[in-house]
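Asker: with the input below, show me the fold.
(one chain, ligands or ions: 1)
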Amino acid sequence: MKIKPNSLYVSSPVNALVQGILREDKTLNQILGHGNFGLGTFNDLDGEMIILDGNFYQIRSDGTVSIAPLEGSSPYACVTEFEADSKIELKGPFGYMDLQKCIDGLLLSKNLMYAIKIVGNFSFVRARSVPKQDSYKPLIEVAADQKEFNFHEISGVLAGFWTPDFLHSISVPGYHLHFLSTDKTHGGHLLDCTIHDMTIELQAIDQFVLDLPHSIEYLSANLDIDVSNDLKKAEH
Ligand SMILES: [Zn+2]
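Answerer: Numbering: from 1, shown residues only. Down below sits the predicted model:
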C-alpha cells in the first residue's frame, strides 16, 4: 500500500502534561516551524489550542477566543502540515459516537496516526476549556475544574488527531479533536456533538518527531508511570 510520507511533530510527550508539567519554553513560533494544523494547550494550561492555517486560536475557560501571539509558549502541542489524502462528504446526522465509528471505517490501518479535519454544521456541540493554573497540578485535577460550553445550531471545524493506544504516553489515544466555530468566536476541546452535512478530510501520518523538554521539572519527573487511565478521564 502506498502511503504518502507525512510527519507529526509533538512538542513534549503527553504523559508529562498529565503529570502536571504545565509549562515549557517551546514557543508557538517554533511549533509553527513544524506544521500549520493541530492542537494543544498553552503554558499554565491557559486554554485550549487549535491551529488552523498557521493561526493559533486560544480558547480560554471564560469562553473567549483570540489569536495567540507567536511569542507565547506551550507545554504540549501536536502539529502537521495538513494536506488531506482522502476527503468524503456525508449528510449525517451523526452523534459523536457514530461519527467516530464512521471515521474508524475510513482509516487505512489502526497502526498509523491520522490528522483529521471535519467542517460541518452542528445541531449541538459540547466543548470544554481548562482554567489557567498558577501552580503544579496533575491534569486530572485540573480537568475537574474544566468549564463546559454547550453550543446549538452552529457551523464550524473540528481539528485534531487519531492516535493508536500503543502511543498513549506520547499523544492522546483515540480521537482528540478541538472545535472552532466558523465565526471564530466559540470553541474548545470536543466532548460531544451532533453533526450534519459535513466534509471529513483525513491524512495518514507514518512518522513523528518528538521533542523531549529540557526544563528541570521535566528532567526530574518520573515518567515511567502508566497514565492512560488519568488521560482517559482528563481528555475524554
Ligand atoms: Zn484537547
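Asker: how near is the spatially most central residue of the chain to residue 215?
Answerer: Nearest to the mean C-alpha position of the chain, counting by Cα atoms, centre = their mean, stands residue 39 at 3.8 Å. Shown here: residue 39 relative to residue 215, a distance of 21 Å by Cβ to Cβ, to the nearest Å. (C-beta placed from N, C-alpha, C; glycine too.)
Asker: next: residue 224.
Answerer: In terms of Cβ to Cβ, residue 224 sits 18 Å off from residue 215.
Asker: of the two, who's got more company?
Answerer: residue 215 (16 against 7; other Cβ atoms under 10 Å).
Asker: which pLDDT value belongs to that one?
Answerer: pLDDT recorded at residue 215 is 89.
Asker: you'd agree it is up against residue 24?
Answerer: Yes: checked against Cβ atoms under 8 Å, the pair residue 215 and residue 24 is within contact range at 5.9 Å.
Asker: near residue 67, how many other residues are there?
Answerer: With other Cβ under 10 Å as criterion, residue 67 counts 10.
Asker: any idea how far it lies from residue 112?
Answerer: In terms of Cβ to Cβ, residue 67 sits 31 Å off from residue 112.
Asker: and for residue 140?
Answerer: Residue 140 is 28 Å from residue 112, where distance means Cβ to Cβ.
Asker: likewise residue 22?
Answerer: As defined by Cβ to Cβ, residue 22 lies at a distance of 30 Å from residue 112.
Asker: go on, residue 14?
Answerer: 18 Å.
Asker: neighbours of the residue lying closest to residue 210 once chain neighbours are set aside, just the number please.
Answerer: Leaving aside its sequence neighbours, residue 210 sits nearest to residue 10 (Cβ to Cβ, 6 or more residues apart in numbering; 4.9 Å). For residue 10, the count of nearby residues is 24 (other Cβ under 10 Å).
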